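Student: okay, sequence plus prediction incoming.
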Amino acid sequence: MDKKVAIITDSNSGITQAEGKELGIRVLPMPFMINEETFFEDITLSQEEFYDKLESGADVVTSQPSPESVMELWREVLTQYDEIVHIPMSSGLSGSCQSAMMLAEEFDGRVQVVNNQRISVTQRQSALDALTLAGRGMCAAEIKDFLEKDRFNSSIYIMLDTLYYLKKGGRITPAAAAIGTILRLKPVLQIQGDKLDAFAKARTSSQGKTIMTGAIRNDMENRFGGVSADNIWLEVAYTKDLDAAQQFAQELLKEFPGFDLVINPLSLSVACHIGPGSLAVACCKKIH
Amino acid sequence: MTNTIDAKILAKMFLAGARNLESQKEWINDLNVFPVPDGDTGTNMTLTIMSAARDVAAMQKIDMFSLCKAISSGSLRGARGNSGVILSQLFRGFTKSVREKETLTIPMFADAFEKAVETAYKAVMKPKEGTILTVARGMSEKAREMADEGCGDLAVFFDEIIRCGDEVLEKTPEMLPVLKQAGVVDSGGQGLMQVLKGAYDAFLGKEVDCSVEAAAPAPSGEDKAARVKAEADIKYGYCTEFIILLNRNFNIRTEMDFKAYLESIGDSIVVVTDDEVVKVHVHTNDPGLAIQKALKYGALSNMKIDNMRLEHQERLFKDEKAAPGTEQESVQKEEPMPHKEVGFIAVSVGAGINEIFSGLGVDHIIEGGQTMNPSTEDMLNAIEKVNADTVFILPNNKNIILAANQARMMVENKKIMVIPTRTVPQGITAIINYVPDLSAEENQELMEREMGNVKTGQVTYAVRDTVIEDKEIRQGDYMGLGDHGILSVGGDISGVAFRMVQEMMDGDQELISIYYGADVTEEDAQALREQVEKAYPSCDIELQYGGQPIYSYIISAE
C-alpha cells in the first residue's frame, strides 16, 4: 500500500497559512526579529506591518525557525502521515536547510529534507510539484530525489527600486559591490538556484523590465527547452507594490502569450534585504 | 604640356595641399552650421592630413608605393572628426588605386578618384548629400569625363576638376537646407578644395610652402631637447605690445627713427601705423625703454608685457606632464591592467562625467568630446591599454563614431565593438544596460536598443549670429540643442535649459538626468532641478555634477 506523504514548506514559499490549508501543504512560519522582538510571518506579522516597520527604518533581521518548532511540527504531522517531504528555503540563502537536514536524522528516514535551492515563487512551485508527485504514489525519498534533480530548472530575476536596503543589510555584498556608482540605479539581481547575485543594472523600470524579460526568454530558449507554455511556469513576484506587479504580468503575457502566470508577494526574508518596490519574474520547468 | 607626374611631384603636391588646408583651417572652422563654440572641421581635417604629411616629410627616398603607404596609414591613424575620417578614406582609396604605378596619367587619376569616392562612401553608414562626399564625387565624375574625352594635359585636367569642385561646393546649400539657412557652404567640402588647390599650385610650380615638420622617430626626447635649446636661445625676454594714441605728427621719417631705436633694444618688431594710432610689438630685455620712447609720440593704451622665458618654462613643464612616455605612462606599464574578458573605453570630458563612467566600469577614458575629437590613433592607443579580449567603445559624440569605427577595422588581435553613442547620456545608458552574462553581440543589440530610448539636450552658447530652423540666434545667446536640432534659444541659461526639457518630454519618460557643467553653480543647478521636478512630478529627477566645459547642461530624458 502507498505510504501517506505530507508536504511541508516554510513561509518563504509565499504560501499563506490559509492557502496551505486549502492545498494540503503545511507551512512553517519564518521568524523575524524586528527591533529585537520576534514575529512569525503570516501569524503575528502581516505583509503591511512588515513593510511599515521596514520603511520606518526598523532593524529587521531574519532568523531560522527554532529546532524545537520544526521538530514539533514534524512530530505532530507524523501522527497522521507516514512520511514527510520538507522543502525549506534555499541553502544558499539560509542555514535552515542545513539545520533541518540534521534534525531529520533523528526521524529514521521518515522526514526527507529537500535541498533544491529554491526560494519564493520557485519554492512554492516545488511544494506544489511535491504534492503532485505524492498524489502519483511516490514515497518521500523518491520525491526528494526528483526535486533535487530538478533543482536548476528555475530562474529568478529581481529588479530593485533602490540599492538602499541591499547596502544596509550588508549581507549580499557581492551584488552590492558590483555596482559602485554615484548614479541612482535599479540593480537587477538573479537567483539561479543558489544565492542572490548581481545580474545587470538599469536606470529606469522600463529598462529593468526589458532586461528581465530578455533574460527569462534567454533561459527558456537555452536552458528549459524552448519558449513553450506547456513546459514552463511563469511567475511574477513583488515587494509591496501589487499594482506594478499586475502591470508587469500583463506586459509579460504579451511577450509570452498563453503562459500560466501566477503573481505572489516575494517572501519577506528576501524582501527585508531588497526593500519595497521590487519586481521579480521567475520561471520553472513544469513536471510531466 | 605635362601629361604624367611621378612620386616626387605627388609628394610635393600632397604636402602643399596639407599646408594650404592648415593655413585656412580657422576660416573652415567658421563654416560650422551650428554656431556652437566648437566648429572644428578645419582643425580636424588639418590634424588628419598633417599626421600623414609628417610621415611623408620624413621619407628618405620617395617612391610611389611607400609614398602611398605613408599617406594612407598616416591619415588613417590621424583621422579625427567625421570630415577627417572621410578625408582619410578618400586618401586610402586614392592611394590603393595608384600605389603600384611608377608615374600617373590622367586615366589613372580618374580611376583613383573613383576608387577614393567609392571607399569614402562605404565608410559612412548613411552618406548624406551636400557634404564633402558630394564634392568629391562631383570631381571624380568630371575626371572620368575628361579622361574619356582624351584630355592629355594635366594642368587643364586639374584646373577643370577644381573648377567643378568649387561649383558643386557652391551648390551644397541647395542640397542641405541647414547650410542654406546658416548661409554657409559645407565645411568638409571646403577643406577638400583647399587641399586640392594647394596641390595644384605646387603642380604649377608656384612658390608654395611645403615645409612640414617631419615625424621624428623618437619624438618626446628629441623634441624636449630642442625646446630646451630654444629656451637658451631666447635673447630678448619680454614680449611688449602697446598702442600709441598719437598726439603729434608721426610721418614716415619718425616711423623709421622709432623702428631703428626698437631694433637697437630688441627684435621681432612690428610697427603698424594708422591715421591716429600706432600698433607696436617688440621683444626686448628692457620694455621700459620702448615705453619711454613711445610716450614721446602720444598716450599709450592696451599695454601688455609677458615674460617669455617664464612662459616657456611653464610650457615645458606642461609638456612634460602631458608628453607621452613620461612617468605616468611608465607606471602604467609596470602594472599592466589585469586581463579581462570584456573591457570598456569611453570618450568623455569633465571630472564628474569621467567619474560616472569609471564608476560604471569603464576601464579607460579618452579625454575628449565635441571640441577635442580624439583621433583614430588615440583610439588605437586606448585599445592597446585595455587588456581585454572584447573591447566596447562608447564614442559619446556623433563626430567621433567614425574614428572609432576606423580603429575597429584596424585592430586584429581584439574584438572591438563600437556602440554608436552620440551623446554622453546615451553612453551612460548603454553601459548601464550591459549584461555580463550575455554575449558581446547580444549586448550590442541591447545597448543600442536602450540608448535609442534616451533623449539628450545640451545647453551651450552661440559664437556668432545665425538663423537655424527659423530660429534667430545672436552671438552670446544660449541654445538648447536636442538630438535633431535646436530646441530653445534665449539669454538665460536656466530658462533655455528648462524650455529645452519641455521640448524633450513627450509623456513616456520616467527619468530626467541633469549633468551640470563647469560654468554652472550648484545652486543654479539645484534650482533648475526643482523647477523640472515641479513640472514633471511623475518623473524621477537626478542631478549630477558633470564638470564638462562649454556645455552648461547636459540633460537626458528616458
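Tutor: Done, it's in.

Student: residue ranges with poor pLDDT in the chain?
Tutor: Going with chain A. Scanning chain A for pLDDT under 70 picks out A:1-2, A:169-181, A:194.

Student: please refer instead to chain B.
Tutor: Ranges of chain B meeting pLDDT under 70: B:33-35, B:37-39, B:216-234, B:272-275, B:311-335.

Student: who in it is up against chain A?
Tutor: Within chain B, the positions adjacent to chain A are B:355-356, B:359-360, B:428-429, B:432-438, B:446, B:449-450, B:453, B:510-511, B:513, B:540, B:542, B:544, B:558 by C-beta under 8 Å from any C-beta of the partner chain. The C-beta positions use only the backbone N, C-alpha and C, and glycine is treated the same way.

Student: just the ones of those in strands?
Tutor: Using DSSP state E, the members of the residues of chain B next to chain A that fall within strands are B:511, B:513, B:540, B:542, B:544.

Student: the last one pairs with what?
Tutor: Beta-bridge partners for B:Q544, by DSSP bridges, are B:Y515.

Student: is it true that it touches B:S513?
Tutor: Yes: using C-beta atoms under 8 Å, B:Q544 is in contact with B:S513, at 6.8 Å.

Student: double-check that A:A18 belongs to a strand.
Tutor: No: A:A18 is assigned helix when assessed by DSSP: H, G, I helix; E, B strand; the rest coil, not a strand.

Student: roughly how far apart are it and A:L160?
Tutor: Distance, A:A18 to A:L160, by C-beta to C-beta, to the nearest Å: 29 Å.

Student: distance of the closest residue to B:D519 other than its chain neighbours from chain A?
Tutor: Of all residues not flanking B:D519 in the chain, B:S552 sits nearest, at 5.8 Å (C-beta to C-beta, 6 or more residues apart in numbering or on different chains). Counting by C-beta to the nearest C-beta, to the nearest Å, the separation of B:S552 from chain A is 20 Å.

Student: B:S552 and B:A497 touch, don't they?
Tutor: Yes: look at B:S552 against B:A497 with C-beta under 8 Å: they come within range, at 7.2 Å.

Student: count of neighbours near B:G491?
Tutor: Residues near B:G491, counting by other C-beta atoms under 10 Å in any protein chain shown, number 10.

Student: what's around the residue of the stretch 251-400 of chain B found nearest chain A, how many residues?
Tutor: Residue of the stretch 251-400 of chain B nearest chain A, by C-beta to the nearest C-beta: B:G359 (3.6 Å). Residue crowding around B:G359 was assessed by other C-beta under 10 Å; the count is 14.

Student: which other helices and strands contact whatever helix or strand B:M303 lives in?
Tutor: If you go by DSSP states H and E, B:M303 is part of strand B:298-307. With contacts taken as 3 or more C-beta pairs under 8 Å, 6 or more residues apart in numbering or on different chains; DSSP states H and E, strand B:298-307 sits against strand B:238-246, helix B:287-295.

Student: for A:K167, phi and psi?
Tutor: As for A:K167, its main-chain torsions (degrees, to the nearest 10) stand at phi -70, psi -40.

Student: dump the ones in strands among the residues of chain B next to chain A to a markdown table, plus neighbour count.
Tutor: As requested, those are exported to a markdown table (neighbours: other C-beta atoms under 10 Å in any protein chain shown):
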| residue | neighbour count |
| --- | --- |
| B:L511 | 21 |
| B:S513 | 25 |
| B:D540 | 15 |
| B:E542 | 16 |
| B:Q544 | 19 |
